[in-house]
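> how would this look folded up:
(chains A and B)
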Amino acid sequence: MGRVPIVRIAGTLVATVLEDLHDRDALELEAELFTQLERTDSDGVILDLSVVEIVDSFLGRMLNDIASGVRLMGAQMVVVGIQPAVAITLVELGLELKGVRTAVSPDRGRLLLRKLVADEKRGHRRAGR
Amino acid sequence: MSDRQQMNDLIDQQRQTISELQTPVIQVWEGILALPIVGSLDTARTAEMNETLLQRIVDTGSEIVILDITAVPVVDTAVAKHLLETISAARLLGAEVYLVGLSTRTAITLVHLGVDLSGVVTRTSMAKGLEMAFARLGLEVISRRGNRRFSADTASEEDAY
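Numbering: from 1, shown residues only, chains lettered A, B, ... in the order given. Purely as a prediction, here's the structure:
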């Protein structure tokens, strides 16, 4: 079973996938992430896919869904560590994941996430005026 | 050896040469990769190019890729589709891709063919792409003569000194 541990570091949920994700694992990850977002005061999610070597259209769609869901719950998500073969497969499947933000490494992901969260907050403040 | 055999050998040899003339991936700066594409792009070549490029992005942790299509003679729907595949795949790894070297003719062709490049950052020259990449990484090039900022537009006149 590919359970995905989720840890919370300074307001960011970090989910590290440890082995290839099956359909059910992905659905569980989605539910678990949303639960954590609801329960804790987190404004960002980093999803590390660096060990994932196999993706199908279901998982591709799940990534899009998870990103949309995270946004619905008022947080931002950055996917990090997508492998070249995975990227090629996703593009060949026609899943360009336009709604998913990505970064080369977890560190870059963290920087991008902080920027996205800051932009989001600034946007709200402007909208509130 | 028959003429036919000789001909086949020649074709094989040339195919080999062509495949060796692959697209090099150049690291122009820390975090910036450049890919000058020479000649036309077909499916096989794009696949090979994608593989090399994506692996280099991961190896170097680069955030920006500049695809230079100055030397691509004709950018039609098929070539544009291949370029978009490369751009999407690189984006999935977390790299931003700038498409540079668009000529007037290429622009006209793309517009007339109705190819949608709206989600892609495009520029006319490698210099402009590099300038943008530097800006994105928070770097700037400053001239030693005076404190003047050095941009792609001033590059050519500065060269005249």
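> in chain A, what residue comes closest to chain B?
residue A:84 (3.3 Å; CB to the nearest CB). C-beta here means a position set from N, CA and C on the backbone, and glycine is covered the same way.
> buried stuff in the top helix by length along chain A?
Counting residues, the longest helix found in chain A (DSSP state H) is helix A:106-128. Buried residues in helix A:106-128, defined by neighbour count with 16 or more other CB atoms under 10 Å in any protein chain shown: A:108-110, A:112-114, A:116-117, A:120.
> kindly report the same for stretch A:56-76.
Buried residues in stretch A:56-76 (16+ other CB under 10 Å): A:59-60, A:62-63, A:66-67, A:69-70, A:73, A:75-76.
> whether stretch B:72-88 contacts chain A - can you check?
Yes: with CB under 8 Å from any CB of the partner chain as the criterion, chain A is reached by stretch B:72-88 at B:85, B:88.
> what does that stretch contact?
Stretch B:72-88 is contacted from outside by A:87, A:90-92, A:96, B:37-43, B:46, B:49-50, B:53, B:67, B:69, B:97, B:99, B:101, B:106, B:109-110, B:113, B:115, B:117, B:120, using CB atoms under 8 Å, 6 or more residues apart in numbering or on different chains.
> for the residue in chain B positioned nearest to chain A, give me its contacts.
Closest contact between chain B and chain A, by CB to the nearest CB, is at residue B:54 (3.3 Å). By CB under 8 Å, 6+ apart, residue B:54 lies in contact with A:84, A:87-88, B:89-90, B:93.
> tell me which element it falls in.
Counting by DSSP states H and E, the element that carries residue B:54 is helix B:43-60.
> I'd like the average pLDDT over that helix.
Regarding helix B:43-60, the rounded mean pLDDT is 90.
> cool, and stretch A:19-33?
According to the model, stretch A:19-33 has a mean pLDDT of 90.
> quick one, which of the buried residues of stretch A:56-76 has the minimum pLDDT?
Within the buried residues of stretch A:56-76, pLDDT is lowest for residue A:73, at 88.
> wait, that residue touches residue A:39, no?
No: the criterion here is CB atoms under 8 Å, and residue A:73 misses it with residue A:39 at 10.8 Å.
> grab the nearest non-local neighbour of residue B:53.
Spatial nearest neighbour of residue B:53, excluding adjacent residues (CB to CB, 6 or more residues apart in numbering or on different chains): residue B:25 at 5.5 Å.
> what of residue A:5?
In space, residue A:5 is closest to residue A:16, 6.3 Å off (CB to CB, 6+ apart).
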